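Visitor: Sequence and predicted structure are below.
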Amino acid sequence: MREVCVIGGNRYFGKRVIARLIAAGDRVTVINRGSSAPPPGVIHLVADRDDEKSLEGVLGPRTFDVVIDQVCYTPRQAEIARRVFAGRTRRYVMTSTVEVYGYEDSAALVPEDAVDPRTVAVDLELPWDDPEFLDAHYGEGKRQAEAVFAAAGPAFPYVTVRVAHVLGGGDDFTGRLDHYTDRIRTGEPIAVPAVNHPATYIHVEEIADFLTWTAGAEFTGPVNAASHGTLTTEELCAAVAVHLPEGRTVFRSADAGDVSPFSFTRSYGMDNSRATKLGFTFGDVSNWLPRAVTETLRKAG
């Protein structure tokens, strides 16, 4: 039986990861601030991950085979986690994001070495506690958090899972696919940039599978998690429109700051070949997209 710690993770694909770990026979400890109860069958510890003494206090002498950090958004949080969990775990898995490639613009799919966290500058003095600043610098916060873990060297074995845009599930709380559903139903124009680039995606169940698989693997460093294939905004909308024959899909050109959620002014889709070579089998986005749309429509209906 493995000892697995999950930090956060009560929502969306995090709760699916916990369910998979329990089903595999792992003993799971969930740490959160107590705002939501974890699923049955886990050990629940209440702590503020931003408070180092609080985190150390609830952990006591506990050690883990692997820690899965679902809610590390800033280098400050990463610094605390690195100090607290050094010597407590054989493996640390941080959920990162495709947004770490926010400075890229590549027609080819982007591999992990396009952003080497060992070369990313860390600035702990930026206003990371300001929600507006953090929201506007989400990708940069993740980049710098990755850099903190990378700086620890071999003594702190870590993985950062760079997650593609996630779709699917009746519990998708982001509202991003709903954005298109609502506009197609009403005929309200959908804002896209003049040159609209495709992106990589992953289904909510697939990213839960991938994180669970990663927890039991041995590799370290950054890894991209994305289904095969890309989608444009137009393809997403076409998949929605099939279910809304009474609707109307209208696009309008807009400035970069005013575009719809899955519209992109640059190309930075992710290359998933590292994970594939390590042994994970991704699905194809075209195969699961109809399912993801159906789930969203069922939720909205």
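Guide: Nice, I can see it. Values in this document were obtained by computation on a predicted structure and should not be read as measured data.

Visitor: going forward, measure contacts between C-alpha atoms and count neighbours the same way
Guide: Will do.

Visitor: Quick check, residue 122 in contact with residue 75.
Guide: Yes. Residue 122 sits in contact with residue 75 when judged by C-alpha atoms under 8 Å, with a separation of 7.0 Å.

Visitor: Mind checking which of those two has more residues around it?
Guide: For residue 122 versus residue 75, neighbours defined as other C-alpha atoms under 10 Å are more numerous around residue 75 (25 against 19).

Visitor: element containing the closest residue to the more buried one other than its chain neighbours, please.
Guide: Closest residue to residue 75 apart from its sequence neighbours, by C-alpha to C-alpha, 6 or more residues apart in numbering: residue 145 at 4.0 Å. Per DSSP states H and E, residue 145 falls inside helix 138-151.

Visitor: what sits up against that helix?
Guide: Contacts with helix 138-151, where a contact means C-alpha atoms under 8 Å, 6 or more residues apart in numbering, come from 72-79, 82, 96-102, 117-123, 128, 134, 156, 158, 160, 221.

Visitor: do stretch 182-189 as well
Guide: Contacts for stretch 182-189 (C-alpha under 8 Å, 6+ apart): 190, 237, 240-241, 244, 246-252.

Visitor: let's see it at 7 Å
Guide: Applying C-alpha atoms under 7 Å, 6 or more residues apart in numbering, the external contacts of stretch 182-189 come out as 190, 241, 244, 247-252.

Visitor: Strands of this structure, residue ranges please.
Guide: 3-7, 27-32, 43-46, 66-69, 92-97, 158-163, 165-167, 190-192, 201-203, 221-225, 251-253 (DSSP state E).

Visitor: Now stretch 116-135: buried residues?
Guide: With burial defined by 16 or more other C-alpha atoms under 10 Å, the residues of stretch 116-135 counted as buried are 117, 120, 122, 128, 134.

Visitor: Could you tell me what pLDDT the model assigned to the second one?
Guide: With respect to pLDDT, residue 120 scores 97.

Visitor: Contact partners for it?
Guide: So residue 120 contacts 144, 147 (C-alpha under 7 Å, 6+ apart).

Visitor: Okay, and the beta partners of the residue nearest the centre of the chain?
Guide: Nearest to the mean C-alpha position of the chain, by C-alpha atoms, centre = their mean, lies residue 163 at 4.3 Å. Legend: beta-bridge partners of residue 163 under DSSP bridges are residue 97, residue 225.

Visitor: Let me know whether it touches residue 225 as I believe.
Guide: Yes. Counting by C-alpha atoms under 7 Å, residue 163 touches residue 225, with 5.0 Å between them.

Visitor: Show the end-to-end separation of stretch 275-289, please.
Guide: Using C-alpha to C-alpha, to the nearest Å, the end-to-end distance of stretch 275-289 comes to 21 Å.

Visitor: Where does pLDDT dip in the stretch 101-250 of the chain?
Guide: Within the stretch 101-250 of the chain, no stretch has pLDDT under 70.

Visitor: that older thread, now do the contacts for the residue nearest to the centre of the chain.
Guide: Counting by C-alpha under 7 Å, 6+ apart, residue 163 has contacts 96-98, 224-226.

Visitor: Buried among those residues? Need that as a selection in PyMOL.
Guide: To isolate the buried ones among these in PyMOL, judged by 16+ other C-alpha under 10 Å, type:
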select buried, resi 96+97+98+224+225+226
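
Visitor: Can you add distance to residue 17 and give the contacts of residue 163 back as JSON lines?
Guide: Shown next, in JSON lines, are those (distance: C-alpha to C-alpha, whole Å):
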{"residue": "96", "distance to residue 17": "15"}
{"residue": "97", "distance to residue 17": "17"}
{"residue": "98", "distance to residue 17": "19"}
{"residue": "224", "distance to residue 17": "17"}
{"residue": "225", "distance to residue 17": "15"}
{"residue": "226", "distance to residue 17": "17"}
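
Visitor: Need the pLDDT of residue 301.
Guide: So residue 301 comes in at 48 (pLDDT).

Visitor: no, scratch that, I was asking about residue 6
Guide: pLDDT, residue 6: 97.

Visitor: next one: residue 295
Guide: Residue 295 is assigned a predicted lDDT (pLDDT) of 87.

Visitor: Could you measure from it over to residue 189?
Guide: On the measure of C-alpha to C-alpha, residue 295 and residue 189 end up 23 Å apart.

Visitor: Looking at the chain, which residue reaches furthest from the middle?
Guide: residue 246 (33.9 Å).

Visitor: Who are the contact partners of it?
Guide: With contacts defined as C-alpha under 7 Å, 6+ apart, residue 246 has no neighbours.
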